[in-house]
Structure formats: structure tokens, C-alpha cells
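Enquirer: I would like the atomic coordinates for the input below:
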Amino acid sequence: MLRKIGRDLGIIFASIWINLMLFFLLMVSCTILLKFFGADPKAGWLQLLLDSLHLATIERIDTGGKMVPILLAFIMPIGMTLILGEGILRVLSIYLQRRVNRKEWDLMVVKKFKDHAVVCGVGEMGRHLLQRLIVEQPELDLVLIDPHPSVIAETGMNSDRAIHLRGDMADMEILNQANVQAARLVILTAGEDTLNLETAYKVIQLNSSVPLWVRLHRSGLSSLLDLARKPQIHFFCPYQQAADLIVDQIMERASS
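Expert: Sure, this is the predicted structure:
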């Protein structure tokens, strides 16, 4: 629970820190202008900073009839609305409504991920791989790419444990949203060889060094591909591996 709260706070801060800095610079700039062109140039810096906040929140201060403070009385509320309204309030709104409208929040969460695993095409094979990954590395962040809406429920996973991005796994925009550039591992388990291979080439464009596991029904196809010459790319055929395992068990029992 504490880990999740810490993660959420980190995501919120990472999304709004630029807005906070801009608002701070706006306040400092207003304070300096009030110091040299305000009604009371002898006022202390803290008092002038407080006056800047009052101007931003449309509270009345003594302008002394001077042009600069009068202009600031119009500029500061607009600046605060643009900076905080576009950033902080929007992010907080997304966070508070994350249970209802998950897409925007999920994209913010994934953007924060590093050393996570991306699994594309979560069919029967993908579900078994995910279950094993969760057992072996329970702290590993997971991003699932699949067009079906109920992937999380079908895998029996907690929605806080994995992020599901609904879409085409070969779509470069979806792969970017999955933050493949920072991933520790990418697994392609769709039922179509052509789809897995197309996605593999696009993943390599985004992250040329990520370990990539690619499912192929036709195992002999891998020897014809230039991808096979890259040491971090691995091809696997579940039918061949299952056949090898079954034959080994048959032979073991036949000899016993």
C-alpha cells in the first residue's frame, strides 16, 4: 500500500514539477517588479512575495495608482490560471478520477516505468507467461498490449499490478506509450508470426538493446531472418518445445 502511494505521488510530482517551477518564477518576477515599481519600494521581500500571491488570487492590494502594479493585477491571475489550471489541476483531476477514466492515468504511470516488462498479444500463451513472471519476479512492473478490453480480468491480475494498453501491438504509438525505450524485457506472444515479426522490428527501432523474445509457429523461419543474428533477440516455438518435452517424458517412462 505504501509503495503504491509513493509511486502515485512520484507520478503526480513528475507531471507537475515544471508547472510548479513556472509558477514560482512568475511569483519571483512579480515580487521583483513590485520591489522596484510598486507602491512601497521599501517593503520587505517576504511581504512583496505575499502581495504577489494576493495579486495571483485576485485579492486587492495597494497599487498606489502606479501602472506596473495595476498591470500585474490583470496579468497574475491569468498567469496562475494558465500555469496551474493546465498542469496541476488537470493532473489532480486525472488522479482523482483514475478509477473511472483509467486511460490517461495509465499513460502517466507507464511513462514513469523503468526496467519493466512489456508483453504484447496476451492470449493463452501470454497468460501463462505472465503468471510465471509474477511468481518469479513479484516486484516487476508489467505493461500488456492487446486489443481486447478484458485482458486484466482474464489474467486474474490486480489492475494495480499491471497496466493494459488497448491497441495494436504493431502500432509505433502504442509501443511508445508502453515506454519500450526503458523496458527491461519485451515478449511478443501473438498468434500470428507476421504480427510478431513486424512488432519485433519496430521494438528494435525504439530500443536496440532490449532482450526480445518472439513467438514463432514456424520455428524454421527464424534461421532466415536477420533478426536471428542479434544476440539479444530470441525466438521460441511453443509447439516444438512442448513436443520435445513430451517425447522426453515418453522415452523416460518407456525405459523405466
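
Enquirer: Now Leu188, what are its backbone angles?
Expert: Phi and psi for Leu188, reported as degrees, to the nearest 10, are phi -110, psi 110.

Enquirer: Any idea how many residues pack against it?
Expert: Per other Cβ atoms under 10 Å, the neighbour tally for Leu188 reads 25. C-beta coordinates here come from the backbone N, C-alpha and C atoms, glycine included.

Enquirer: hang on, Ile163 in a strand?
Expert: Yes - judged by DSSP: H, G, I helix; E, B strand; the rest coil, Ile163 forms part of a strand.

Enquirer: What residues are bridge-paired with it?
Expert: In this entry, Ile163 is beta-bridged to Val143, by DSSP bridges.

Enquirer: from the chain's centre, how far out does stretch 116-130 sit?
Expert: 18 Å (Cα atoms, centre = their mean, to the nearest Å).

Enquirer: oh, I was asking about stretch 112-119
Expert: 9 Å.

Enquirer: same question, stretch 33-45
Expert: On Cα atoms, centre = their mean, the centre of stretch 33-45 falls 45 Å from that of its chain.

Enquirer: And the average pLDDT for that stretch is what?
Expert: Stretch 33-45 shows a mean pLDDT of 87.

Enquirer: hmm, who's touching it?
Expert: If you take Cβ atoms under 8 Å, 6 or more residues apart in numbering as the criterion, stretch 33-45 is touched by 31, 48, 51-52, 62-69, 72.

Enquirer: just stretch 140-159 next, same as before
Expert: Counting by Cβ under 8 Å, 6+ apart, 102, 110, 113, 115-122, 126-127, 130-131, 133-134, 161-169, 174-175, 178-179, 183-184 sit against stretch 140-159.

Enquirer: Pull out the buried positions in it.
Expert: Asp141, Leu142, Val143, Leu144, Ile145, Asp146, Val151, Ile152, Thr155, Met157 (16 or more other Cβ atoms under 10 Å).

Enquirer: now stretch 124-144
Expert: Across stretch 124-144, burial judged by 16+ other Cβ under 10 Å covers Met125, Gly126, Arg127, Leu129, Leu130, Leu133, Ile134, Asp141, Leu142, Val143, Leu144.

Enquirer: Stretch 56-75 too?
Expert: Residues Ala56, Ile61, Thr63, Val68, Pro69, Leu72, Ala73, Ile75 are the ones in stretch 56-75 that count as buried (16+ other Cβ under 10 Å).

Enquirer: next one: phi and psi at the closest residue to Gln232 other than its chain neighbours?
Expert: Closest residue to Gln232 apart from its sequence neighbours, by Cβ to Cβ, 6 or more residues apart in numbering: Pro211 at 5.0 Å. Main-chain torsions, Pro211, degrees, to the nearest 10: phi -60, psi 130.

Enquirer: got JSON lines for the buried residues of stretch 56-75, with secondary structure and distance to Leu84 too?
Expert: As requested, those are exported to JSON lines (DSSP: H, G, I helix; E, B strand; the rest coil; distance: Cβ to Cβ, whole Å):
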{"residue": "Ala56", "secondary structure": "helix", "distance to Leu84": "9"}
{"residue": "Ile61", "secondary structure": "coil", "distance to Leu84": "20"}
{"residue": "Thr63", "secondary structure": "coil", "distance to Leu84": "23"}
{"residue": "Val68", "secondary structure": "helix", "distance to Leu84": "23"}
{"residue": "Pro69", "secondary structure": "helix", "distance to Leu84": "22"}
{"residue": "Leu72", "secondary structure": "helix", "distance to Leu84": "17"}
{"residue": "Ala73", "secondary structure": "helix", "distance to Leu84": "18"}
{"residue": "Ile75", "secondary structure": "helix", "distance to Leu84": "15"}
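
Enquirer: what's the closest of those to Gln241?
Expert: Closest approach between the buried residues of stretch 56-75 and Gln241, by Cβ to Cβ: Ala56, at 64.2 Å.

Enquirer: any idea how far Ile32 is from the closest one?
Expert: Look at Ala56 and Ile32: by Cβ to Cβ, to the nearest Å, they are 15 Å apart.
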